[in-house]
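Asker: generate coordinates for the sequence data below:
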Amino acid sequence: MKNLQKRLVKLKDVSCNQLGEGQCKVTVSLICGRKTHIGERTGPDEADYRVMLAALSTIDALRSITKDSLQMELLFVERQQLELIGREVVMVLIDIRNGEDIRPATGACQVRGDVIETAARAVLDATNRVVEHCLK
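Answerer: You can find the predicted model right below:
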């Protein structure tokens, strides 16, 4: 029998709503257990900013899940076209602080549809092991 790992934190929904005057609000909903945790950020309604807002919203929802026991700082988020393999990815670098311990976490996700959802998934890729360890 295979040992299949079940994720404690799952992506439920990602949305981007225009607020007018060139602004938008990105909302990320995560499920942990039976509770939904939401992170929201507002900013310029431009492609690169929406990607950053999605990453930051995901971090905010993760902070809610961990009850701020982990401090997470987004250091880098970028869409990149990998010419060699002909694919686009979103990559993130996040500093995760647990007490005095600081560790960098990297994550990536291939763009297959909505790029802001991809950014949220890249953050989860970077943080899932640390966050899930904190919740067990």
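Asker: just checking, what packs against the lowest-mean-pLDDT helix or strand in the chain?
Answerer: Within the chain, judged by mean pLDDT, DSSP states H and E, the helix or strand with the poorest mean is helix 115-135; its value is a mean of 88. In terms of contacts (3 or more CB pairs under 8 Å, 6 or more residues apart in numbering; DSSP states H and E), helix 115-135 is packed against strand 9-20, strand 23-32, helix 47-65, strand 71-82, strand 87-98, strand 101-110. Bear in mind the C-beta positions are built from the backbone N, C-alpha and C, glycine included.
Asker: reformat those as TSV; add distance to residue 124 and mean neighbour count.
Answerer: Formatted as TSV, the helices and strands packed on helix 115-135 follow (distance: least, CB to CB, whole Å; neighbours: other CB atoms under 10 Å):
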stretch	distance to residue 124	mean neighbour count
strand 9-20	6	14
strand 23-32	8	21
helix 47-65	7	22
strand 71-82	12	15
strand 87-98	10	18
strand 101-110	7	14
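Asker: and of the ones you listed, who's closest to residue 116?
Answerer: When these are ranked by distance to residue 116, counting by CB to CB, first place goes to helix 47-65 at 4.0 Å.
Asker: if we can go back for a sec, buried residues, the least confident helix or strand of the chain. List them.
Answerer: 115-128, 130-132, 134 (16 or more other CB atoms under 10 Å).
Asker: redo the helices and strands packed on helix 115-135 as JSON lines? Include distance to residue 40 and mean pLDDT.
Answerer: As requested, those are arranged in JSON lines below (distance: least, CB to CB, whole Å; pLDDT from 0 to 100):
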{"stretch": "strand 9-20", "distance to residue 40": "10", "mean pLDDT": "94"}
{"stretch": "strand 23-32", "distance to residue 40": "5", "mean pLDDT": "96"}
{"stretch": "helix 47-65", "distance to residue 40": "6", "mean pLDDT": "96"}
{"stretch": "strand 71-82", "distance to residue 40": "15", "mean pLDDT": "93"}
{"stretch": "strand 87-98", "distance to residue 40": "18", "mean pLDDT": "93"}
{"stretch": "strand 101-110", "distance to residue 40": "21", "mean pLDDT": "92"}
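Asker: can you list these in a markdown table and add distance to residue 38?
Answerer: A markdown table is the format used below for the helices and strands packed on helix 115-135 (distance: least, CB to CB, whole Å):
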| stretch | distance to residue 38 |
| --- | --- |
| strand 9-20 | 9 |
| strand 23-32 | 5 |
| helix 47-65 | 6 |
| strand 71-82 | 16 |
| strand 87-98 | 19 |
| strand 101-110 | 20 |
